[in-house]
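K.L.:
3D model of this:
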Amino acid sequence: MGAPHTTSAAEAPSEIGRRHEVLGILCAAATILVTLSLWSYDAHGGRNWIGPVGAGLAGVLATAFGIAAWLVPLELGLGTLRLFTRSHTPLGVGRVASTMVIVLVGCAMVHLALPGEEVFGGHMPGGVLGEVLGEVLRSLLGLAGSFVIGISVLLITVVLRTPFSVIQSARKAADASLQGLKRGRDWSQAALDAWREAREIERQEREEAELAAQPRIISDTLDGLDPDDEEDAVVFSESEDAISADPADAELVDEDEPEEAPPPLPAKSKPAKAKQPAKAPSKGKGKTGPTIVAPTETPPQPRSVKMPEPQMDGEFVLPPSSLLDPPPPQAIHIDEATLRENALQLTETLEAYRVKGRVDEIHPGPVVTMYEFEPESGTKISKIAGLSDDLAMALAAKKVRIVAPIPGKARVGFELPNKDRQTVYLRELLEDDRWDKMKAALP
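P.N.:
Numbering: from 1, shown residues only. Take a look at the predicted model:
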């Protein structure tokens, strides 16, 4: 009696599995047939892929449910998966009822959402059932209330039918949104940082370019001298080589107009014992661009020129320079802002005449200031030499003296008169060693 019972119990799972396989195959076939019928359905009597049976079945589903007819093959497909993957019966009263609720409420929502539209070649979007149920809901609850009730019923049905949880889904959606916002914020911050860094680099490059175009201040002082031997440092823009220079390269001076007085020549007491390189001031040395060469403010030390003893033969003897009053101490006031502004204005004015370059050095003096301008390669000197009157008018100066080129340098000198001029004394010139060493017939 025990053996037959054992055999039936052992064969029961196998029989259930076979039954599910058969039902699964039938359900899969029904899914394919309904899907192809709806896909190829033509309300005007066109050919259906499943033939007259498929056309009739699709017509009934489209008329009754409208676009919600696609829920039928979807539900059949889910049933097929359950039959092939589970051992218990996938169909039941609760599942069938929930399916009908989803279909009916879905038809009503489609009808309310798409009024006047057509599907499947002429059918209402929610079908006949959707039209009836939708209009009933609209008459009782209005359009907004109908959507609220319909969506609530759909969510409740899905929660009861599946493991789906509204709260868990909301949490996951919130977490995903927060993650998306965080990633967006990080990306925006990175883009903002990159933009700020690029702007900072552009600003630094612009400032460097502006500083490169501004003049530098370098005060040429002589170190290593005794207090009694200290002398003024004066920058000369001309040298003895200018005497033998080619006349074509000589400085251009308008002979019809009076020339400005040259910088003062300080007197020397005796040669310096030791000279060291000139020190640069702390401001502006590390920057490239024009240089303002400022003479020291130490007063010149006058000396008496040794004159030959008078002879009895009656030759004329020059009087000593001590007959002249010694020059009072004077300090050349350097207005850095004005000098740099003049250099910039000079550069811009030359650019207006298509002469490009930059001012490398500025030599302020008691009467005039020399701006050493380095033109771009290929610029003709004759083009610059003829701009004296034009520059004087553009710079509002009485006269602009052009030294083109400066002997020993690949630069052109522009001498502009100072607004505040100082007096140059004759004794300073006579007691300078360069006056004694000058071999020219006329100084």
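
K.L.:
from here on, just use CA atoms for contacts and neighbour counts.
P.N.:
OK.

K.L.:
count the residues that sit near Gly59.
P.N.:
The number of residues packed near Gly59 is 22, by other CA atoms under 10 Å.

K.L.:
A helix includes it, no?
P.N.:
Yes - judged by DSSP: H, G, I helix; E, B strand; the rest coil, Gly59 forms part of a helix.

K.L.:
which residues in this structure form strands?
P.N.:
216-219, 291-294, 357-364, 368-375, 401-403, 412-417 (DSSP state E).

K.L.:
contact partners of the last one?
P.N.:
Read it as strand 412-417. By CA atoms under 8 Å, 6 or more residues apart in numbering, the surrounding residues in contact with strand 412-417 are 237, 260, 367-375, 397-406.

K.L.:
mean pLDDT for the strands of the chain: which is lowest?
P.N.:
Mean pLDDT per stretch puts strand 216-219 lowest among the strands of the chain, at a mean of 52.

K.L.:
circling back to that earlier point, which among the contacts of strand 412-417 count as buried?
P.N.:
237, 260, 367-375, 399-406 (16 or more other CA atoms under 10 Å).

K.L.:
run a quick neighbour tally on Pro52.
P.N.:
For Pro52, the neighbour count with other CA under 10 Å is 13.

K.L.:
then the one 10 residues further on?
P.N.:
Number of residues near Ala62 (other CA under 10 Å) recorded here: 27.

K.L.:
quick one: buried residues of stretch 346-365?
P.N.:
346-350, 355-365.

K.L.:
give me the pLDDT for the nearest residue to Ala30 once chain neighbours are set aside.
P.N.:
Nearest non-adjacent residue to Ala30, counting by CA to CA, 6 or more residues apart in numbering: Leu76, 7.3 Å away. Leu76 carries a pLDDT value of 86.

K.L.:
and if you look at the one 3 residues further on?
P.N.:
The score at Gly79 is 82. That number is its pLDDT.

K.L.:
in this structure it contacts Ile25, no?
P.N.:
No - the criterion here is CA atoms under 8 Å, and Gly79 misses it with Ile25 at 10.6 Å.

K.L.:
comparing those two, which residue is more hemmed in?
P.N.:
Neighbour count, other CA under 10 Å: between Gly79 and Ile25, Gly79 has more, with 20 against 15.

K.L.:
any figure for the gap between that one and Thr85?
P.N.:
10 Å (CA to CA, to the nearest Å).

K.L.:
what residues are up against the spatially closest residue to Phe373 that is not a sequence neighbour?
P.N.:
Leaving out its chain neighbours, the residue that sits closest to Phe373 by CA to CA, 6+ apart is Val359, at 4.3 Å. Val359 makes contact with Pro215, Gly289, Pro290, Thr291, Ala343, Thr347, Tyr371, Glu372, Phe373, Glu374, according to CA under 8 Å, 6+ apart.

K.L.:
next: Leu71.
P.N.:
Leu71 makes contact with Val103 under the criterion CA under 8 Å, 6+ apart.

K.L.:
same thing but 10 Å
P.N.:
Residues near Leu71 by CA atoms under 10 Å, 6 or more residues apart in numbering: Phe65, Gly77, Thr99, Met100, Ile102, Val103, Gly106.

K.L.:
was I right to think the first one contacts Cys107?
P.N.:
Yes - at 6.0 Å, Phe65 counts as touching Cys107 under the criterion of CA atoms under 10 Å.

K.L.:
any common contacting residues for these two?
P.N.:
Joint contacts of Phe65 and Cys107 (CA under 10 Å, 6+ apart) are Met124, Pro125, Gly126, Gly127, Val128, Leu129, Gly130, Glu131.

K.L.:
next, count neighbours for Asp42.
P.N.:
Here the count is done by other CA under 10 Å, and Asp42 has 17 residues near it.

K.L.:
rewinding a little: which ones among the shared contacts of Phe65 and Cys107 map onto helices?
P.N.:
Of the shared contacts of Phe65 and Cys107, the ones assigned to helices by DSSP state H are Gly127, Val128, Leu129, Gly130, Glu131.

K.L.:
for those residues, give me a markdown table that also has pLDDT and neighbour count.
P.N.:
Shown next, in a markdown table, are those (pLDDT from 0 to 100; neighbours: other CA atoms under 10 Å):
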| residue | pLDDT | neighbour count |
| --- | --- | --- |
| Gly127 | 88 | 26 |
| Val128 | 87 | 19 |
| Leu129 | 88 | 19 |
| Gly130 | 87 | 28 |
| Glu131 | 87 | 23 |
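
K.L.:
and which of the residues you listed is nearest Ala174?
P.N.:
Gly130 (33.4 Å; CA to CA).

K.L.:
tell me how far Ala352 lies from Ala394.
P.N.:
Ala352 is 10 Å from Ala394, by CA to CA.

K.L.:
hmm, I typed the wrong one, I wanted Val166.
P.N.:
Distance from Val166 to Ala394, by CA to CA: 82 Å.

K.L.:
returning to that earlier point: which neighbours do Ala352 and Ala394 share?
P.N.:
Leu346.
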